[in-house]
Structures are given as structure tokens and as C-alpha cells.
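Undergrad: For reference, the sequence and a predicted model appear below.
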Amino acid sequence: MFSATYPAQLLPEPNGKGLHVRFPDLPEALTGGDDLRDALEQAADCLAEAIAGRIARGDAIPSPSKSKRGQRLISVPLYLAPKLALYLAMRDQGLKNTELARRLGVSETVVRRLLNPKHDTKPENIQAALACLGKRIVLVFEDAA
């Protein structure tokens, strides 16, 4: 099971004003905030952009590492998590867009839209694509830390 939650390090800026945020699993994901609340909001946005960029480029997406002491867990935003699940399932199976399109009985353009982080996609369409790959999305609700 893949957890779409990545550990982030929040460190005070050298000048003492604000926090610097980095994701050990995604070196390109760097951001910061004026205070803890702002840093956490910026971290979620930064994580989404890093994942979206990797999907758009067809890059590998690492599994999240275990959280270490002092790190905060940041979840992939809900709008992006199903697309990430589909992308990862296709990569795991070595499946090209054209083959998934054939299995779904749709055009390859439809599959590109399913994977496009900027395209608004109905969740049931992604669920159908995942089902073709023998996958499903399971939601878990946890107490906030």
C-alpha cells in the first residue's frame, strides 16, 4: 500500500524570521513560510507541485520515507492523490497511455487528461482506470497531529 504522505523538515531560517521547508524524498521541493502555519500551507502546495512536475515529465516518484523525529508529515492534496495512484500503477505495470486507453475503450487523449494534474477529472473516471489495473483507492481518516 502506498501512503501519499511525505515527511518534511521544517528548520528556522538563519535570520530567525520564518521557517525553511524541505522534503528529503523530493530534493526539488523546497519552500518556506513566515510562521509554522504558513510553512505547513506552503509545504502542501510545494509537495503538490513537485509531484505534479514529476508526473508531467514522466519521472519516477519515490515512496515516502519513514518520518524521523522532528519531521512533519505532509499529505499529497486530495485532488492530486488519485492521479498519483494511477500514474504509479501504470509505471509499476509498464503500461503506456495507449494501452490503458485501449483497455478503457477511450482515446489516448482521455488517458492524458486523467494523468494531467491541472485537468479537473471526475474521481469515478480515475477509479475505473485503476480498476482496469487491478487497483483501488482506499481512504483513511486519522486524527490530526
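TA: Noted; the coordinates are in hand.

Undergrad: got the domain boundaries for this protein?
TA: Listed domain ranges for the chain are 5-75, 81-132 (source: automatic domain parsing).

Undergrad: Dump the ones you listed to a markdown table, plus distance to Ala144.
TA: C-betas here are computed from N, CA, C, even on glycine. Listed next are those as a markdown table, based on distance: least, Cβ to Cβ, whole Å:
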| stretch | distance to Ala144 |
| --- | --- |
| domain 5-75 | 10 |
| domain 81-132 | 17 |
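
Undergrad: so where's the protein shaky on pLDDT?
TA: 1, 145 (pLDDT under 70).

Undergrad: one more time with 90
TA: 1-4, 12-17, 70, 123, 136-145 (pLDDT under 90).

Undergrad: hmm, back to that, want to throw the domains of the chain into CSV with mean neighbour count and distance to Leu139?
TA: Output for the domains of the chain, formatted as CSV (neighbours: other Cβ atoms under 10 Å; distance: least, Cβ to Cβ, whole Å):
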stretch, mean neighbour count, distance to Leu139
domain 5-75, 15, 12
domain 81-132, 16, 9
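
Undergrad: Out of the ones you listed, which gets nearest to Asp143?
TA: Closest approach to Asp143 among those (Cβ to Cβ): domain 5-75, 12.5 Å.

Undergrad: hang on, the earlier thing: ok, which of the domains of the chain comes nearest Phe141?
TA: Comparing those by Cβ to Cβ, domain 5-75 comes nearest, at 11.8 Å.

Undergrad: May I have the distance across the closest one, first residue to last?
TA: End-to-end distance for domain 5-75: 4 Å, by Cα to Cα, to the nearest Å.

Undergrad: Quick check: bridge partners of Leu11?
TA: Here Leu11 sits in beta bridges with His20, going by DSSP bridges.

Undergrad: of the domains of the chain, which approaches Glu142 most closely?
TA: Closest of the domains of the chain to Glu142 is domain 5-75, at 9.6 Å (criterion: Cβ to Cβ).
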